[in-house]
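J.: Just the structure for this:
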Amino acid sequence: MHKKMFAILNLLNDGQKRMDSGEMAGKLGHLGIAMSDRRVRHYLKILDEAGFTEGNGRTGRTITARGKEELGRIFPFPGVGSLANSIDNLSFLTNVDPGTGKGKAILNVTLVPETKSGEVLELLDGLLNSAYGVSNRIVIRGPGETIGSLVVPEQRVAIGTVCSITLNGILLKAGVAVTSRFGGIVEIVENSPAGFLSVISYQGSSVAPLQIFMKSGMTDVLGALRSGMGRVLGSFREIPEVGLERAKKVVREMEKIGFHGRTIFGTPGRPLLGIPVSPDRVGMVVLGGLNPAAAVIEAGFAEETRAMATLCDYEEMDPIENPARRLSGFGEMGLLKSLHTLAETVRPDCWSVFEGLKQSSF
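T.: So this is what the prediction gives:
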């Protein structure tokens, strides 16, 4: 699907009422996607013919059930070399407010067997509060339920965690433009990032680099968690030199709403973790939002993982420590029983090893 048609479909999916082409053009403009009223009508005609939208110019358009299904099936990378542009578009669509914790976040979604849900949550309890999870917030949906625009298959549970591209959008709204340059494997030595071992450029790629490394079995997130030695996913980005202090301030503010992952800032014009930086720019490394999914894969639980899978209201996500709310909507008692057993048997200090892994920025 053309990325601009996808943006229109996503806008209708998020809206609470019918919208005409003029309203859509205005809202898309606020998101940084410039389209005339006439161009919006052109795309709406195509979407109507495909059965993804319905209505007319006078009453406005709505998204159909088929449109929702298509939106859940495709989070588009329309062609080779378009990933960097897609990231920029997603950054415009993300609008989490560090002050209120409200707004849209980008999710990575992992599907796991329903019978293994308790074990997966036990694993994520420690990881999402460590340096290797972007945020400690999580959303869980059972079979037949939706997570963002995705419908969960039968006998599966979908676990949504925050994608690190969300950070790009938050900084953009604060006036700091972020350029995503590379995704790669970061070596962890004594709980500290030592440098990138391998990288893939976002430019010229149609698949998320971190997803390539994750599915290639090149990570050792569990090793980094357990012993402080391992290989985790990281994203190398650049920001303008003049935006460094503002970016650091935003990252500190985000801690209040659960963003505990590690963000590392370099110095102007100097390499960071072995990657050179452009003139008048500052390197920024975010330990990737796919690390939770990588850990679940390493543990043998993941059946499918989708990077940058969907958008979700951040306020609908719960801290991983809050099992009561995160069980909302489940009819199965197996998960509840598993968590109850976990609560009775886990030592209170069992996660103390992660205290040294809290977010740092410098």
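J.: show me what contacts the residue nearest to residue 303 when sequence neighbours are not counted?
T.: Nearest residue to residue 303 in three dimensions, chain neighbours excluded: residue 111, at 4.9 Å (C-beta to C-beta, 6 or more residues apart in numbering). (Glycine included, C-beta is placed from N, CA and C.) Going by C-beta atoms under 8 Å, 6 or more residues apart in numbering, residue 111 touches 152, 153, 156, 157, 158, 159, 302, 303, 304, 305.
J.: For the third one, give its distance to residue 116.
T.: Meaning residue 156. Using C-beta to C-beta, to the nearest Å, we find residue 156 at a distance of 10 Å from residue 116.
J.: repeat for the second one
T.: Relative to residue 116, residue 153 is positioned 14 Å away (C-beta to C-beta).
J.: before we move on, what about the fifth one?
T.: From residue 158 across to residue 116, the span is 13 Å (C-beta to C-beta).
J.: Who has more neighbours out of those two?
T.: Between residue 158 and residue 116, residue 158 has the larger neighbour count (other C-beta atoms under 10 Å), namely 26 against 20.
J.: Tell me who's in contact with the residue positioned nearest the centre of the chain.
T.: Central residue of the chain (C-alpha atoms, centre = their mean): residue 163, 1.6 Å from the mean position. Under the criterion of C-beta under 8 Å, 6+ apart, the contact list for residue 163 reads 105, 106, 107, 108, 134, 289, 290, 307, 308.
J.: again, only using 10 Å
T.: With contact taken as C-beta atoms under 10 Å, 6 or more residues apart in numbering, residue 163 is in contact with 87, 90, 94, 105-109, 134-135, 208, 210, 288-290, 293, 307-311.
J.: all helices for this protein, in order.
T.: Remark: helices assigned in the chain by DSSP state H are 3-14, 21-30, 37-49, 65-73, 83-93, 117-127, 165-173, 209-215, 221-227, 244-254, 291-298, 323-326, 334-345.
J.: Just send those back as CSV, with mean pLDDT and mean neighbour count too.
T.: Output for the helices of the chain, formatted as CSV (pLDDT from 0 to 100; neighbours: other C-beta atoms under 10 Å):
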stretch, mean pLDDT, mean neighbour count
helix 3-14, 78, 21
helix 21-30, 79, 17
helix 37-49, 86, 16
helix 65-73, 73, 17
helix 83-93, 75, 19
helix 117-127, 89, 21
helix 165-173, 91, 24
helix 209-215, 86, 23
helix 221-227, 93, 19
helix 244-254, 95, 18
helix 291-298, 93, 26
helix 323-326, 43, 15
helix 334-345, 40, 14
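J.: Sounds good, over and out.
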